[in-house]
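Asker: Okay, sequence plus prediction incoming.
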Amino acid sequence: DLWTQDQTLLPGESATYVAWYIIDDTAASSGKVINTAIATAATPLSGDDATLSVTSNEAVVDIAPIPSIAITKTSSVVQVDTGNTTIDVGDQISYTIVVTNDGNTALTGVDITDTLTAIGGASLSLDAVPVFVSSTDANTTFTNDTSTSVPTLLVGEAVTFGATYTVTQAAIDAGGVSNTASVVGYDPDGEAVSDTIDDPVIDKIAQTPSIEVTKVAAVDHVTGTDSETTTGDTIVYTITIENTGNVTLTDIDITDTMTDGAGQSLTLTSPSTFSTYTLAPGETEDIQATYTIEQSAADTGSISNTVSVDGTAPDGTEVSDDLDTPVVVSTTLNPSIEVTKASTITHSDSDVSIGVGDTVNYTITVENTGNTTLTGVTVSDTILDSAGEALTLTTGPTYGGTGTFDGILDVGESVTYDATFVITQQAVNAGGVSNTASVTSKDPSGSDVTDSTDSATEDLIPRTAAMTVVKTADVDDNGDDKNGVG
């Protein structure tokens, strides 16, 4: 019914008509368009011949099927934590996938394959498979209901899918994520047609490796020494390592350096060696170390300790940290020395009374009663008679131990010295002797530490005044052998 014009054709005359058809999806999918024409006319004849109808042959136009599909992909970052522009664990990367039928046949069985990896190739997973979002064709058969039967992608239709990836530590450690997508569909003949995005969609994540170390000390005192920090007490150190960056740190090593107040190197009591550690971002590790104070360290007045750490980021970057200032524990210095003296008498004969020639034996004891080592220990002795006049020791004072004394007195150590005095008449006349001992030494700082006996050691000699008179007579005889005149 395209032409209703009244036309008269004379014998031998012809007329040409033109028509057109815009190929639709259905026709394109069928592969050809078949067209026939019917011409009818009235004739001068009557009866059945009054109307003439003629049908043309079929005009067949083959349509070459050109199935084609295209896929594109973009990404954007959704910040979960406000006020932050970096990509952190828990942030989301949102992917938009657009699939377009840019061929001339409808496609069925459309399936998207999405591959997500960390930069470097480690496998990652989307939060869920891509889901349908929208279509450019109002007649679309796509829905976001995954239970729906496989839809058809119409010619010229573009459908959008969405997918998300919630960022994990593995992605940050790798420096980002790489995403590729491909799509496959099937033409009416069941032949597959596919496409893959030109380049991976890469979202790089800035890596900021960082580490921090802190250290505190507490003293575990030996029972009864809470008021001082000295030899035998144990310093307990707590080392805290924190990963303050955004990537995992491995092979974290600890270097601990300890010196006494004189700068001499010290060695921890425990541990003998430190382990290596791995820390995720924000993770901390507390490590304990101890040092039991030695006398040589206590004598210096302080113990200084510092620590450093270094670790390795996933890309091989080395990070390190050390203490801003050393942790210093002061030791308590209470130098003290004490000298005491005792005496005995050795008699020179069987007479039990004390007299000239008897020997007074002195034992002088020197003890380090403080908590520091004392050096340069020297003993001196003063002996007087009871009238206050000076006397001189017969021997000593000399070291009473075996070998020789080096003048160094350790904490709690004591040494003895011996001296003698053989009683003289001066001492007897005065009624006895008085002896005082003193000691001098140096503490670790070089200050004098001294002591003297609290009182003199008195050895009294009893004095006894006595006199006898004896008289005899001889006669110088004049020869008469008689005692008489002359």
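Answerer: Yep, it's here.

Asker: so which helix or strand takes in residue 171?
Answerer: In the assignment (DSSP states H and E), residue 171 maps to helix 169-174.

Asker: Would you mind listing the buried residues in that helix?
Answerer: For helix 169-174, the neighbour count (16 or more other Cβ atoms under 10 Å) marks 171, 172, 173, 174 as buried. All C-beta spots, glycine's among them, are computed from the backbone N, C-alpha and C.

Asker: And stretch 262-274, by the same measure?
Answerer: Under 16+ other Cβ under 10 Å, the buried positions of stretch 262-274 are 266, 268, 274.

Asker: Which single one of the residues you listed is nearest to residue 160?
Answerer: Among these, residue 274 lies closest to residue 160 (Cβ to Cβ), at 55.3 Å.

Asker: rewinding a little: just the buried residues of stretch 262-274 now: which is nearest residue 442?
Answerer: Taking these together and measuring to residue 442 by Cβ to Cβ, the closest member is residue 266, at 23.1 Å.

Asker: wait, residue 385 sits on residue 435?
Answerer: No - assessed by Cβ atoms under 8 Å, residue 385 is found out of contact with residue 435, at 10.6 Å.

Asker: can you list residues touching both of the two?
Answerer: Both residue 385 and residue 435 lack any common contact, where contact means Cβ atoms under 8 Å, 6 or more residues apart in numbering.

Asker: Give me the pLDDT for residue 464.
Answerer: pLDDT, residue 464: 60.

Asker: Based on its surroundings, how many neighbours for the residue nearest to residue 139 when sequence neighbours are not counted?
Answerer: Distance criterion Cβ to Cβ, 6 or more residues apart in numbering; nearest residue to residue 139, sequence neighbours excluded, is residue 154 at 6.6 Å. For residue 154, the count of nearby residues is 21 (other Cβ atoms under 10 Å).

Asker: ok now do residue 154, which residues does it touch?
Answerer: 25, 101, 106, 137, 139, 140.

Asker: Report the separation between the fourth one and residue 186.
Answerer: Counting by Cβ to Cβ, to the nearest Å, the gap from residue 137 to residue 186 is 18 Å.

Asker: one step back: tell me which of the buried residues of stretch 262-274 fall in helices.
Answerer: With helices defined by DSSP state H, no entry of the buried residues of stretch 262-274 lies inside them.

Asker: can you list those in TSV and add pLDDT and distance to residue 377?
Answerer: Formatted as TSV, these follow (pLDDT from 0 to 100; distance: Cβ to Cβ, whole Å):
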residue	pLDDT	distance to residue 377
266	97	27
268	97	33
274	96	42
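
Asker: out of those, which one sits closest to residue 408?
Answerer: Looking across the buried residues of stretch 262-274 and measuring by Cβ to Cβ, the closest to residue 408 is residue 266, at 20.6 Å.

Asker: Go ahead and confirm that closest one touches residue 293.
Answerer: No - in this structure, residue 266 is not within contact of residue 293 by Cβ under 8 Å, at 9.3 Å.

Asker: Residues that sit against both of those two, list them.
Answerer: Common neighbours of residue 266 and residue 293 (Cβ under 8 Å, 6+ apart) are residue 303.

Asker: elements contacting the host helix or strand of residue 180?
Answerer: In this structure, residue 180 sits in strand 176-186 according to DSSP H and E. The contact analysis (3 or more Cβ pairs under 8 Å, 6 or more residues apart in numbering; DSSP states H and E) places strand 176-186 against strand 69-78, strand 92-101, strand 107-118, strand 192-196, strand 201-204.

Asker: how near is residue 312 to residue 222?
Answerer: Taking Cβ to Cβ, one finds residue 312 at 42 Å from residue 222.

Asker: show me where the stretch 251-400 of the chain has strands.
Answerer: Secondary structure of the stretch 251-400 of the chain, counting by DSSP state E, counting those that start in this stretch: strands at 265-266, 277-279, 284-292, 302-312, 318-322, 327-330, 337-346, 359-368, 375-385, 395-399.

Asker: what's the following helix or strand after the last one?
Answerer: Okay, so that is strand 395-399. Per DSSP H and E, the helix or strand that comes after strand 395-399 is strand 414-422.

Asker: Go through that following strand and flag the buried ones.
Answerer: For strand 414-422, by 16+ other Cβ under 10 Å, it's 414, 415, 416, 417, 419, 420, 421.

Asker: what's in contact with the helix or strand immediately after it in the chain?
Answerer: Per DSSP H and E, the first helix or strand lying C-terminal to strand 414-422 is helix 425-430. Around helix 425-430, the neighbours that count as contacts under Cβ under 8 Å, 6+ apart are 355, 356, 385, 386, 387, 389, 391, 421, 433, 461, 463.

Asker: hang on, residue 168 packs against residue 123?
Answerer: No - Residue 168 lies out of contact with residue 123 (Cβ under 8 Å); the separation is 11.7 Å.

Asker: Of these two, which one has the most company?
Answerer: Set residue 168 next to residue 123 and count neighbours by other Cβ under 10 Å: residue 168 wins out with 15 against 9.

Asker: who touches the more buried one in this structure?
Answerer: 89, 124.

Asker: and the gap between it and residue 94?
Answerer: 16 Å.

Asker: And residue 437, by the same measure?
Answerer: Counting by Cβ to Cβ - residue 437 and residue 94 are separated by 93 Å.

Asker: out of these two, which sits in the busier spot?
Answerer: residue 437 (25 against 13).

Asker: quick check: angle from the helix or strand hosting that one to strand 359-368?
Answerer: Element membership for residue 437, per DSSP H and E: strand 432-442. With axes from the mean of the first three to the mean of the last three Cα atoms, to 10 degrees applied, the angle from strand 432-442 to strand 359-368 works out at 30 degrees.

Asker: Quick one: mean pLDDT for strand 432-442?
Answerer: The model assigns strand 432-442 a mean pLDDT of 94.

Asker: For the helix or strand just after it, name the packing helices and strands.
Answerer: Using DSSP H and E, the helix or strand that follows strand 432-442 in sequence is strand 448-452. Here strand 448-452 touches strand 337-346, strand 432-442, going by 3+ Cβ pairs under 8 Å, 6+ apart.

Asker: Pick the most deeply packed of these.
Answerer: strand 432-442 (a mean of 21; mean count of other Cβ atoms under 10 Å).

Asker: quick one: strands adjacent to that one?
Answerer: strand 375-385 (antiparallel), strand 448-452 (antiparallel), strand 457-460 (antiparallel) (DSSP bridges).

Asker: Can you pull out the low-pLDDT segments for the protein?
Answerer: 1-6, 25, 28-31, 148-149, 456-467, 484-486 (pLDDT under 70).

Asker: Skip the chain neighbours and tell me the closest residue to residue 390.
Answerer: Closest to residue 390 by Cβ to Cβ, 6+ apart is residue 384, at 5.9 Å.

Asker: Lovely, talk soon.
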